[in-house]
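Engineer: let me see the structure of the following:
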Amino acid sequence: MDQFLDYVSRMLERSDFLLPLAAAQRQFRADSYQMASAAQLEDLFHDALATYLREAHPNVDLVRRQGKELWDYGVGGTKFSHKESAKNPTFAVWWTAGTKTDKGYVPLKETSDYEYPVVFVLASPIGDLSLRPLDSDGNVSSTSSPMRLYKSLGAHAITSSTPVPDGRYDLVLLDNLEGRRFELQRTWTRGTWENLNFAETWIHLGGEGISTRDLWMVRHGLPHSDGELFGPDSTWGLEGNSLLPGIYVLEGAQLQQMPLTANNRAHLVRPDYVLQMLRKAEESGRYRPMPTWYAFFADMTPPNLYAQQRVQYERLFAPRVLMD
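Structural biologist: The predicted model follows:
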């Protein structure tokens with residue numbers, strides 16, 4: 001498991017993998033039905049990881065599900081089931097509708113077990129994101145006002161169909177140092193950043209450490225200390241039980257006897273239980289951040305599912321092929 005997460009960390013440290021994955025979170029979700037977009041995102045993640053491993057770790061064994069297996073891909077001998085979530089922290093375990101009642105759908109069975117670890121990709125933060133500055137000893141300062149985050153810039157683009165409102169939020173560049181600690185690297189006051197382009201942000205976000213830096217909108221204005229705005233290099237601690245976007249690996253006993261809910265299509269793990277599993281994964285070191293700020297700049301061109309097949313068709317009738 002640690003080896004898998006190490007591969008994921010190294011892959012996300014490369015912009016040629018991170019940026020396409022972030023762009024797809026917006027593009028696929030906007031242009032495809034929910035279940036279809038989740039399947040496309042799963043395929044893209046697998047293809048990205050497979051490409052990275054073949055290039056950087058060619059001896060790693062990599063397999064893909066061929067039929068109705070309950071796992072999706074295997075890395076280094078460990079098989080994983082892959083799940084994607086933009087807003088609701090849940091996933092389907094049985095594609096059978098519940099029993100319809102006057103109050104909705106009731107699950108046909110109360111619990112379900114999972115044989116394989118789950119790679120859970122969370123695209124949007126969950127909960128109240130409040131940061132407080134840390135003192136030189138790494139302790140949270142109780143005398144300074146918190147910095148209340150609204151959403152990451154990428155999460156807003158992924159989950160909202162409306163543009164960012166001008167002059168409503170400040171913008172901060174945060175570096176996830178480790179655990180729930182962050183370094184404030186740059187700030188933009190409201191009204192000064194809404195029309196930033198990719199090139200203007202890339203000079204601050206690109207390069208070594210790209211996999212831990214993200215852009216966040218601040219809900220109630222940038223915090224001050226003794227009348228002065230907190231400057232770059234200040235460190236902050238995340239309070240509460242909020243969850244950050246990224247990749248979580250769920251495994252072990254928590255995947256047994258999972259309580260279920262149901263709708264008209266499937267049985268799903270109860271959201272409150274999924275939240276418990278995600279928090280446990282973070283506490284156990286089975287979490288890696290996946291910044292999605294690039295989704296804000298990604299072109300909203302619908303995915304061209306016809307292009308590759310058309311290229312193959314053209315090869316069949318290309319003059320050079322006919323002459324051969």
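Engineer: pLDDT score for residue 239?
Structural biologist: Residue 239 carries a pLDDT score of 85 in this model.
Engineer: residue 27 now?
Structural biologist: Taking residue 27 on its own, its pLDDT is 87.
Engineer: what are the phi and psi angles of the residue nearest to the spatial centre of the chain?
Structural biologist: For the chain, the residue lying nearest the average C-alpha position, counting by CA atoms, centre = their mean, turns out to be residue 123 (3.4 Å). Main-chain torsions, residue 123, degrees, to the nearest 10: phi -90, psi -20.
Engineer: how close does it get to residue 292?
Structural biologist: As defined by CB to CB, to the nearest Å, residue 123 lies at a distance of 6 Å from residue 292. Where C-beta positions appear, they are placed from N, C-alpha and C, glycine not excepted.
Engineer: still on that earlier bit, quick check, the residue nearest to the centre of the chain in contact with residue 88.
Structural biologist: No. With contacts defined as CB atoms under 8 Å, residue 123 does not count as touching residue 88, sitting 11.0 Å away.
Engineer: find the helix or strand that residue 50 is a member of.
Structural biologist: helix 34-56 (DSSP states H and E).
Engineer: distance from that helix to the middle of the chain?
Structural biologist: 13 Å (CA atoms, centre = their mean, to the nearest Å).
Engineer: and it, what's buried?
Structural biologist: In terms of neighbour count (16 or more other CB atoms under 10 Å), helix 34-56 has its buried residues at 37-46, 48-50, 52-53.
Engineer: with stretch 24-32 instead?
Structural biologist: Those would be 24, 25, 26, 27, 28, 29, 30, 32, for stretch 24-32 by 16+ other CB under 10 Å.
Engineer: looking at this, the second one is in a strand?
Structural biologist: No. Residue 25: not assigned to a strand; according to DSSP: H, G, I helix; E, B strand; the rest coil it is helix.
Engineer: wait, what's in contact with it?
Structural biologist: 41, 86, 123, 154, 158, 292, 295 (CB atoms under 8 Å, 6 or more residues apart in numbering).
Engineer: for the fifth one, give me its contacts.
Structural biologist: Taking CB under 8 Å, 6+ apart as the contact definition, residue 158 lies against 25, 26, 29, 86, 123, 124, 292, 295.
Engineer: and it, helix, strand or coil?
Structural biologist: Secondary structure of residue 158, per three-state DSSP, is helix.
Engineer: what's the helix holding residue 50 packed up against?
Structural biologist: Counting contacts by 3 or more CB pairs under 8 Å, 6 or more residues apart in numbering; DSSP states H and E, helix 34-56 packs against helix 2-12, helix 15-31, strand 62-64, strand 73-75, strand 78-85, strand 118-122.
Engineer: most tightly packed of those?
Structural biologist: When the helices and strands packed on helix 34-56 are scored by mean count of other CB atoms under 10 Å, the highest mean neighbour count falls to strand 118-122 (a mean of 23).
Engineer: show me the contact partners of the following helix or strand past it.
Structural biologist: Next in sequence after strand 118-122, counting helices and strands by DSSP H and E, comes strand 129-133. The contact list for strand 129-133 (CB under 8 Å, 6+ apart) reads 140-142, 144, 146-150, 182, 216, 223, 225, 230, 234-240, 242, 244.
Engineer: check stretch 113-121 too.
Structural biologist: 1, 41, 45, 70-71, 78-85, 91, 93, 246-251, 255-258, 274, 277-278, 281, 290.
Engineer: how about 7 Å then?
Structural biologist: Contact partners of stretch 113-121, identified using CB atoms under 7 Å, 6 or more residues apart in numbering, comprise 1, 45, 70-71, 78-85, 93, 247-251, 255-258, 278.
Engineer: cool, and stretch 189-201?
Structural biologist: 164, 166, 167, 168, 169, 170, 171, 297.
Engineer: ok, those residues vs residue 15, which is closest?
Structural biologist: residue 297 (12.7 Å; CB to CB).
Engineer: quick check: pLDDT value at the nearest residue to that closest one once chain neighbours are set aside.
Structural biologist: Using CB to CB, 6 or more residues apart in numbering and skipping residues adjacent in sequence, the residue nearest residue 297 is residue 198, 4.5 Å away. We have a pLDDT of 93 for residue 198.
Engineer: quick one: low-confidence residue ranges for this protein.
Structural biologist: 31-35, 142-143, 225-229, 301-303, 320-324 (pLDDT under 70).
Engineer: pull the most distant pair out of the contacts of residue 25.
Structural biologist: 41 and 154 (14.0 Å).
Engineer: so residue 5 sits against residue 289, correct?
Structural biologist: No. Contact status for residue 5 versus residue 289: not in contact, 11.6 Å apart, counting by CB atoms under 7 Å.
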